[in-house]
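Trainee: just coords:
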């Protein structure tokens, strides 16, 4: 099926039989290839505004991670290495030998693991609003969030999530987007949500950072309280390819709140202008 933005939707099977749903948007021969990995309990639409801007200038792959969106939802347990291998399987399905990999929040953890685990397939990496480690209390913190979702329903987390994701002015200006993200979030399977929370609570990618091949860019919202600038600076320092970029007036989902800064970072990684056909959107 071809979507309105000329992207083609498809499905691929991972090595352990999970179906991954994706959107592949082509570009002219020789264009950079970019993979976009979304955050916890959302889906590939997190990257819609970045994808619009890249249309015609980069070949893109946006997909729903296992347990999310229209992909398969096995109960778990989940690991970041499993998610990274899912991406490798998806690249095999499309016949992509390598790509620039961009991930936001949870997707940033997946992108870190992929870049370290599949170095030869990583042409560059962009880590947005993410961290190598959530800290010593992470297992308990994430378990508490999962328990609340189990006890009260995913809808009970929405007020917290929306204010964590976006600044007040942006939320007020984008009611339709807030409604759509709420629908995506509350449509999650509780078992998959719990498994993903446990994965993030256990994730410690600090030792992997030195294996991430360059070039790399790290972006973080100035007002991000989920993965604050200090976490981004620590990640960038461990990787050793320049400092983190702190994005003014942005919270935790920079690809939606400030897509232009994401495109600029991708241009730096690819060495190409990526002002595509959809850049005016």
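Mentor: Now that the structure is in, tell me what you want to look at. Treat the numbers as computed from the prediction; the structure is a model and nothing was measured. Numbering: from 1, shown residues only.

Trainee: all helices of the stretch 1-150 of the chain, in order?
Mentor: 48-54, 80-94, 106-117, 138-152 (DSSP state H, counting those that start in this stretch).

Trainee: Tell me where the protein has strands.
Mentor: Remark: strands assigned in the chain by DSSP state E are 8-13, 19-25, 33-37, 59-63, 99-104, 122-128, 216-221, 245-247.

Trainee: can I get these in CSV with distance to residue 198, mean pLDDT and mean neighbour count?
Mentor: (Glycine included, C-beta is placed from N, CA and C.) Listed next are those as CSV, based on distance: least, Cβ to Cβ, whole Å; pLDDT from 0 to 100; neighbours: other Cβ atoms under 10 Å:
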stretch, distance to residue 198, mean pLDDT, mean neighbour count
strand 8-13, 24, 97, 14
strand 19-25, 20, 98, 20
strand 33-37, 19, 98, 28
strand 59-63, 22, 98, 25
strand 99-104, 19, 98, 28
strand 122-128, 22, 98, 27
strand 216-221, 24, 98, 27
strand 245-247, 29, 98, 20
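
Trainee: Now these in CSV, please, with extra columns for distance to residue 50.
Mentor: Formatted as CSV, these follow (distance: least, Cβ to Cβ, whole Å):
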stretch, distance to residue 50
strand 8-13, 18
strand 19-25, 11
strand 33-37, 7
strand 59-63, 8
strand 99-104, 8
strand 122-128, 10
strand 216-221, 12
strand 245-247, 13
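
Trainee: got the buried residues for stretch 88-95?
Mentor: Within stretch 88-95, the residues that count as buried by 16 or more other Cβ atoms under 10 Å are 88-91, 93.

Trainee: what residues does that stretch touch?
Mentor: Residues outside stretch 88-95 that contact it (Cβ atoms under 8 Å, 6 or more residues apart in numbering) are 12-15, 20, 22, 24, 35, 61, 63, 97-99, 114, 117-118, 121.

Trainee: Burial check on residue 153, number of neighbours?
Mentor: 12 (other Cβ atoms under 10 Å).

Trainee: OK, contacts around the residue lying closest to it once chain neighbours are set aside?
Mentor: Excluding its sequence neighbours, the residue lying closest to residue 153 (Cβ to Cβ, 6 or more residues apart in numbering) is residue 186, at 7.8 Å. By Cβ under 8 Å, 6+ apart, the residues touching residue 186 are 153-155, 158.

Trainee: How about residue 67?
Mentor: Residues near residue 67 by Cβ under 8 Å, 6+ apart: 73-74, 76, 78, 188-189, 192-193, 195-196.

Trainee: and with 10 Å instead?
Mentor: Contact analysis of residue 67 by Cβ atoms under 10 Å, 6 or more residues apart in numbering lists 18, 40-41, 73-76, 78, 83, 188-189, 191-196, 199.

Trainee: cool, and residue 270?
Mentor: 31-34, 57-58, 100, 123-124, 215.

Trainee: Pull up the distance across stretch 237-250, start to finish.
Mentor: In stretch 237-250, first residue to last residue: 22 Å (Cα to Cα, to the nearest Å).

Trainee: ok so, going back, let's have the buried residues of stretch 88-95 in a markdown table, adding distance to residue 246 and pLDDT.
Mentor: As requested, these are arranged in a markdown table below (distance: Cβ to Cβ, whole Å; pLDDT from 0 to 100):
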| residue | distance to residue 246 | pLDDT |
| --- | --- | --- |
| 88 | 31 | 98 |
| 89 | 34 | 98 |
| 90 | 31 | 98 |
| 91 | 31 | 98 |
| 93 | 36 | 98 |
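
Trainee: Relative to residue 249, which of the contacts of residue 270 is nearest.
Mentor: Closest approach to residue 249 among the contacts of residue 270 (Cβ to Cβ): residue 34, at 24.8 Å.

Trainee: I'd say residue 139 and residue 200 touch.
Mentor: Yes: at 9.5 Å, residue 139 and residue 200 qualify as touching, with contact defined as Cβ atoms under 10 Å.

Trainee: okay, those two: which has more neighbours?
Mentor: Between residue 139 and residue 200, residue 200 has the larger neighbour count (other Cβ under 10 Å), namely 21 against 16.

Trainee: mind listing which of the contacts of residue 186 are in helices?
Mentor: Among the contacts of residue 186, the members found in helices (DSSP state H) are residue 158.
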